[in-house]
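# Mind folding the following:
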Amino acid sequence: VLHVYSDSRWTGAAEPTVQLTKAQQARGIDARFACRRAPKPHPQNIEDKAAKRGITPILDFHLNRYGSPLKSLSDVRALARYFTAEQIDIVHAHLPHDHVIAAMAARLSRRRVRVVRTNHKGVPLASNLFRKWNLKWMTDGYVGFSRYAADTDRRLVGMRDGAVAVIRPALDLSRFDPTLPYTDCRERFGFDESHILGGIVARVQRHRRWEVLLKAIDIARKEVPELRFLIIGKGTHRKTAAIEPAERMGLTDIVKFPGYLTDDYVDVLRSMDFKVFLMPGSDGTCRAAREAMAIGLPVIAANRGMLSGLVPHDKAGV
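Okay, the predicted model is just below:
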C-alpha cells in the first residue's frame, strides 16, 4: 500500500494518515507514506513528525497541491513507474489533489493498482462533475469516518455499497494511556489542585467561535470561581481572535495561552479536568476529542460535524 499526501505540513489529516500507515505496518502490511518535501525548514513539517513516529516518508514526488499542472503531470508519470517497479497493489489518496494524480497514475501503470480515497471530513466531499467522475469510474474504494458523509458521497456518485467503508481513525493509544505516570502541569500555569481546569486544543482562527467559548467561560466562572482554562494552539489571528477579547472581558487570571505544545502535550492534557471541542477543523475526525476520551477526560462538544455521534451524551461528556 502506498499512501500519498500532497502537503508538507503537519496539519489536518497528516497525523491520521501517518498513524494509519504505522498501524498497517504493525499488521504485517508493506505500507508506505509519500508526501511533499518541505520547501523550507519548518518546525511542523511532516517529515520530522512522521520520523518521530517511526515512519520515513518517501519524498521523491512533488505532491504539491499548490503547484503547477506540469509538476502534477510529472507526478502522474513518476507514480505510474513507481507502482510498477515496487509492485504496489493499492494507492491510498487522502486529499483531493493526490486523489486525482493517484487515479491517473494507476490507469497509466502497467500494473493493476486499486485506488482508495479517504474522506477525512465529517461532511460529504465538495461536489463537482470531475470529482463525481473520478470517484465513480477511477476509484475502487472509499473510506470515511462519518456514516452520513459516506452515504451521501456514495449516493451522489453511484458507487456500489461494497466499495464504501466507515471506520475509526488510527490513534496512537500507547501515547494516550490513562494508566501511565505523568507530570502534573498545573503549577506551571499558576493553577493548583483547588482549581477546576478545562482546556481546548485548536488552531486559533477567527471562524472557530472563540467568542462563544470566552462568553461561556465568563458566565461559568461567576458560578464556579475555581474555574480555570487553557487555550492550547497557535494561529495567525491568535491575538485578535482570543487573547485581546479575553483581556477585555477580565479573564486574564482565568484563561492562559500556552501556545502550541509538543512533547509535553499529553502531560498538559492529563492535568485537565475536562476538555471543550467547539467545531471540527481541517481534521474532520475530531482527533483532539478522541485523544481526550482515550485518557478518560469528559468532553463538552458542540453539535457539529460528527461530534454528536462521537461523544455519547452524559457518558463521555455533554
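
# Next, the closest residue to Val318 other than its chain neighbours: secondary structure please.
Of all residues not flanking Val318 in the chain, Ile300 sits nearest, at 5.1 Å (C-beta to C-beta, 6 or more residues apart in numbering). C-betas here are computed from N, CA, C, even on glycine. Secondary structure, DSSP: H, G, I helix; E, B strand; the rest coil: Ile300 is strand.

# Next: Pro258.
strand.

# got a list of what it touches?
189, 230-232, 268 (C-beta atoms under 8 Å, 6 or more residues apart in numbering).

# circling back: any idea of the pLDDT on the residue nearest to Val318?
Per-residue pLDDT puts Ile300 at 96.

# Could you save the contacts of Pro258 as JSON lines and add columns showing distance to Thr118?
Shown next, in JSON lines, are those (distance: C-beta to C-beta, whole Å):
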{"residue": "Phe189", "distance to Thr118": "37"}
{"residue": "Leu230", "distance to Thr118": "31"}
{"residue": "Ile231", "distance to Thr118": "30"}
{"residue": "Ile232", "distance to Thr118": "27"}
{"residue": "Val268", "distance to Thr118": "29"}
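
# Which one of these is nearest to Leu20?
Sorting the contacts of Pro258 by distance to Leu20 puts Ile232 at the head of the list, at 24.5 Å, by C-beta to C-beta.

# Hmm, Leu261 and the closest one touching each other?
Yes: Ile232 is within contact range of Leu261, at 5.7 Å (criterion: C-beta atoms under 8 Å).

# buried stuff in stretch 87-105?
88, 90-105 (16 or more other C-beta atoms under 10 Å).

# Between its first and last residues, how far does that stretch reach?
Criterion C-alpha to C-alpha, to the nearest Å; first-to-last residue distance in stretch 87-105 is 13 Å.

# And it, how far out from the chain middle?
19 Å (C-alpha atoms, centre = their mean, to the nearest Å).

# what does that stretch rub up against?
1-7, 13, 17, 63-65, 72, 75-80, 82-83, 106, 111, 113-118, 120, 125-126, 131, 134, 138-139.

# quick one: contacts of stretch 151-169?
With C-beta under 8 Å, 6+ apart, stretch 151-169 has contacts from 16, 19-20, 119, 124-125, 127, 132, 135-136, 139-147, 150, 285, 287, 290.

# Give the PyMOL command for selecting the buried subset of those residues.
Those of the contacts of stretch 151-169 that count as buried under 16+ other C-beta under 10 Å are selected in PyMOL with:
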select buried, resi 16+19+20+119+124+125+132+135+139+141+142+143+144+145+146+150+285+287+290
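
# Contact partners for the residue most central in space within the chain?
Note on the chain: the residue nearest the mean C-alpha position is Asp283, at 3.3 Å, using C-alpha atoms, centre = their mean. By C-beta under 8 Å, 6+ apart, Asp283 lies in contact with 11-13, 15-16, 120.

# Would you reformat those residues as CSV and include secondary structure and distance to Ser174?
Output for these, formatted as CSV (DSSP: H, G, I helix; E, B strand; the rest coil; distance: C-beta to C-beta, whole Å):
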residue, secondary structure, distance to Ser174
Thr11, coil, 23
Gly12, coil, 23
Ala13, coil, 21
Glu15, helix, 15
Pro16, helix, 16
His120, coil, 22
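
# List only buried entries from the residues you listed.
12-13, 15-16, 120.

# Closest one of these to Ala170?
Taking those together and measuring to Ala170 by C-beta to C-beta, the closest member is Pro16, at 6.4 Å.

# Let me know the next secondary structure element after the longest helix seen in the chain.
For the chain, the helix with the greatest residue count under DSSP state H is helix 69-85. Next along the chain after helix 69-85, taking DSSP states H and E as the criterion, comes strand 90-93.

# What average pLDDT does that following strand get?
98.

# would you put the C-alpha positions of it in PDB?
Presented in PDB, the C-alpha positions along strand 90-93 are these (Å, rounded to 0.1, in the frame of the first residue of the first chain):
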ATOM      1  CA  ILE A  90      -3.200  -0.200  -3.600                       C
ATOM      2  CA  VAL A  91      -2.600   3.500  -3.700                       C
ATOM      3  CA  HIS A  92      -4.400   5.400  -1.000                       C
ATOM      4  CA  ALA A  93      -5.200   9.100  -1.500                       C
END
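
# okay, the angle between the very next helix or strand once past that strand and helix 69-85?
Downstream of strand 90-93, the first helix or strand assigned by DSSP H and E is helix 96-108. If you take axes from the mean of the first three to the mean of the last three C-alpha atoms, to 10 degrees, helix 96-108 sits at 50 degrees to helix 69-85.

# Show the contacting residues for Lys71.
62, 64.

# Now do the contacts for the nearest residue to Ala106 once chain neighbours are set aside.
Residue nearest to Ala106 in three dimensions, not counting chain neighbours: Val113, with 4.1 Å by C-beta to C-beta, 6+ apart. Each residue near Val113 by C-beta under 8 Å, 6+ apart is listed here: 83, 88-91, 105-106.
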